[in-house]
Every structure is written in C-alpha cells, then in structure tokens.
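J.: Give me coordinates for this.
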Amino acid sequence: MTAALRRMVAFYEKRANVVLWLTLALTILSGIAASNLRVDSDLGRLLPDDAPSVSGLRKLEKSYGKTIDRFTLIVEGDDAMKNVAALEALRDEVDGLDRVVKVEIQQPAGFFEENRLLYMDAADVEEVVSRVESRIKYEKKRANPLFVSLGGKPPSVDMADIEAKYEDRHGAGERYFKSDDDTKYLLLMELDFPASDLDATEALLPSLTKAIEGIERAHPDADIHMAGRYYKRVEQKWVTERDLTKGTVIALAVIAIFLLVYFRGVVTPLIVSIPLLAGTVWAFAFTYLMFDTLNVITGFGGTVLLGLGIDYGIHLVTRYQEARREHDVSEAIVEAYDHAGRASLYAGITTM
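T.: Predicted coordinates:
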C-alpha cells in the first residue's frame, strides 16, 4: 500500500500543472451545469409516479378530469365603482396576452338563474315535498267513491313564495367575484399550461406585470395583486431558493470561522475548503445530469455536503502537518494518505 502511494504521489508531482488545469476545467464545466439546476417546490413531486397514492390520483383525473387551475388577480380599493372600472380595464388588457385562454371577472349568473331551484336550501326542499305529499293524500281521498266532502280548501301546492326567495340570488350587483364589503374584486385567468409548469408561469410574469402597472397608472385608486395557485407556486419556489442560498452561505461562513480558529491561519483553511467546494460543485453537476431538478428536501444537499465533506480535509491536512515535522513533503503526503486517507476512504464509502 505504501509503495503504491509513493508512486501516486510521484505521478502527481511530475504532472501537477496538468492535474490542476484539468481539475479547474472540470470544476468550471460542472459549475456551468450546476447553474442550470432548478428547484421544484411542488410537494406532490416528492412521491414517485408508481406510488399507490399517485397512481390513484391519476385514475381519478382520468375519470373526472383535472382540476382547472386559474391565475388570480386581485383589484383592491375603497371605491367600488373605481374598482369595477379598473377590473374591466384589466380584463381587456390581459385577455390578449400570450398563453391566456380565458378571462373571467363575473360569476356564470345566467346558469344559476336558469337553474336556481336546483340550489334550494334543504328546509325549502322539505317544505315543497310536504306540500306535494299533502296534496297527493287529499287527491287520493277524493278519488275514493265513498268520499264525502265536508267543505274546505284542498292543500295548496303554490310554490310562489319559495320561488320568490331565489329570484334575486344572482342580481346585477352580485355577478362579480368580490368581497362582501366591495373592496376586493377578483379576475380569474385560465392558461394553456398547468400550474406545475413553473417555467411557463415565470415567462408570463413580465408581460403580466407590465399590464398591471399600466392599469395602476390609469386607475391610481386601485391596487392590483397577483394570487392563486400559479403565482403561489412560483413564489414558493423563490422562497425555497432564497432559503437554500441563505442556508448554504451560513454553512460556509460557520465552516470558515471554525477552520480559521482551528488552524489559526488562512492558508490551511483554503487548502481544506477549495477541494470541498469543488467536490460540492461536481455533486450538483452530477445531480443536474441525472435528475435535472432538486426538490424541497434534496435542495438542502449543498449544506449537507459541506457539513459531511469538511471532515476528510481536516483529517488529511492535520495528519500531513504532523508528518511534516519528521519527513519531507512527498513522504509526509504518503504518511497522511497511508493513515488518515485510508480511514477517510472507508468513511466516505460508508456515507455514500
């Protein structure tokens, strides 16, 4: 083992420049690949497609159709008339945007008006049934040849009083999607791609933002906000990416402080940190080539890798410094790899 290590060290000493340039080139290429790695914040993607719950959902979607997601815009202001004016102007503006299939600002009141009695309250349905059953009993008695009328009116089946309760359920003032106090109005956009397509949503946002800013300038009393599943998913992705970046930066800062305090210098921490960072970049490049995306769990892999990978460099460099007191550079490297290197290799394989 020691002889093989000496040959390895001799090989790298003769070709140090070539090895360094190849390592640098590999790290740069890996960095380019890793920069394309994106985070998929959809929690539903955490399960594999062949999971029973996922396959069951697919069957339901096949039978009943997929739920139609809508991009929601909220028009908010104190004046109801100005809100409606801004809402209608916003509808005309976004209706022509690319990828927008349908824009709705009002409830489908016509359908509900034509079929309003299908949405009766349970108590009214029971009252209708009671009146009809009473009239049926009365008519059955009258059909009996032995029936003798003692006067009195037959039970009424007039439903005019019940119908009147549902006449104005969807009047003109109730057609808009709005809050009870008329301060918030909704605009619903149906798009030609699902809410899970975050790239398409992000591509739509600039033109949508431009349209909103134009309406806000023309209607300064109304504020317009984005909402709904499309925007929330993109927003969740941004928050996840921000948290991942922040977590990685904090991990690097803590590691740097620890190394500076432990080694009481700058050169040794750099010797430990540079291979660690390169290895982490290589790992993310491999992830991009194999999987293309990270999820909300594997996204924290950078922080985890930094924490797991720092040990090997510390052990190797510390052992090298101890051996350097008694040997030259080459022999000290052999000594470090012969002892700490073997343990680090086994530990690394176990961690993998």
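
J.: The closest residue in space to residue 100 that isn't next to it in sequence: what secondary structure?
T.: For residue 100, ignoring the flanking residues on the chain, the nearest one in space by C-beta to C-beta, 6 or more residues apart in numbering is residue 189 at 5.5 Å. Glycine gets a C-beta too; all of them are placed from N, C-alpha and C. The three-state assignment at residue 189 reads strand, by DSSP: H, G, I helix; E, B strand; the rest coil.

J.: Would you mind confirming that residue 189 is in contact with residue 70?
T.: Yes - with contact defined as C-beta atoms under 8 Å, residue 189 reaches residue 70; the gap is 6.0 Å.

J.: which residues touch the nearest residue to residue 82 once chain neighbours are set aside?
T.: Of all residues not flanking residue 82 in the chain, residue 221 sits nearest, at 4.7 Å (C-beta to C-beta, 6+ apart). Contacts were defined as C-beta atoms under 8 Å, 6 or more residues apart in numbering; by that measure residue 221 touches 77-79, 82, 86.

J.: got the contact list for stretch 3-14?
T.: The set of residues external to stretch 3-14 that reach it, using C-beta under 8 Å, 6+ apart, is 19, 330, 333-334, 337-338, 341.

J.: related to what we said a few turns ago, which residues does the residue nearest to residue 100 bridge with?
T.: When bridges are called by DSSP bridges, residue 189 pairs up with residue 71, residue 103.

J.: can you list contacts of the helix or strand where residue 123 lies?
T.: Per DSSP states H and E, residue 123 falls inside helix 122-143. Here helix 122-143 makes contact (C-beta under 8 Å, 6+ apart) with 120, 147, 149, 154-157, 159, 162, 165.

J.: What residues of that helix count as buried?
T.: Using 16 or more other C-beta atoms under 10 Å as the test for burial, helix 122-143 gives 124, 131.

J.: Stretch 306-326 too?
T.: Neighbour-count burial for stretch 306-326, counted by 16+ other C-beta under 10 Å, picks out 306, 308-310, 312-320, 323.

J.: Please convert these to CSV, extending it with secondary structure, pLDDT and distance to residue 54.
T.: Formatted as CSV, those follow (DSSP: H, G, I helix; E, B strand; the rest coil; pLDDT from 0 to 100; distance: C-beta to C-beta, whole Å):
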residue, secondary structure, pLDDT, distance to residue 54
306, helix, 87, 33
308, helix, 87, 31
309, helix, 88, 34
310, helix, 89, 37
312, helix, 90, 38
313, helix, 89, 41
314, helix, 90, 43
315, helix, 89, 43
316, helix, 90, 44
317, helix, 90, 47
318, helix, 90, 48
319, helix, 90, 49
320, helix, 89, 51
323, helix, 89, 55
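
J.: Would you mind checking which of those is nearest to residue 276?
T.: Nearest to residue 276 among those, counting by C-beta to C-beta, is residue 309 at 5.0 Å.

J.: Wait, that closest one touches residue 281, no?
T.: No - at 11.6 Å, residue 309 does not count as touching residue 281 under the criterion of C-beta under 8 Å.

J.: about what we covered before: and after the helix holding residue 123, which helix or strand comes next?
T.: Using DSSP H and E, the helix or strand that directly follows helix 122-143 along the chain is helix 160-165.
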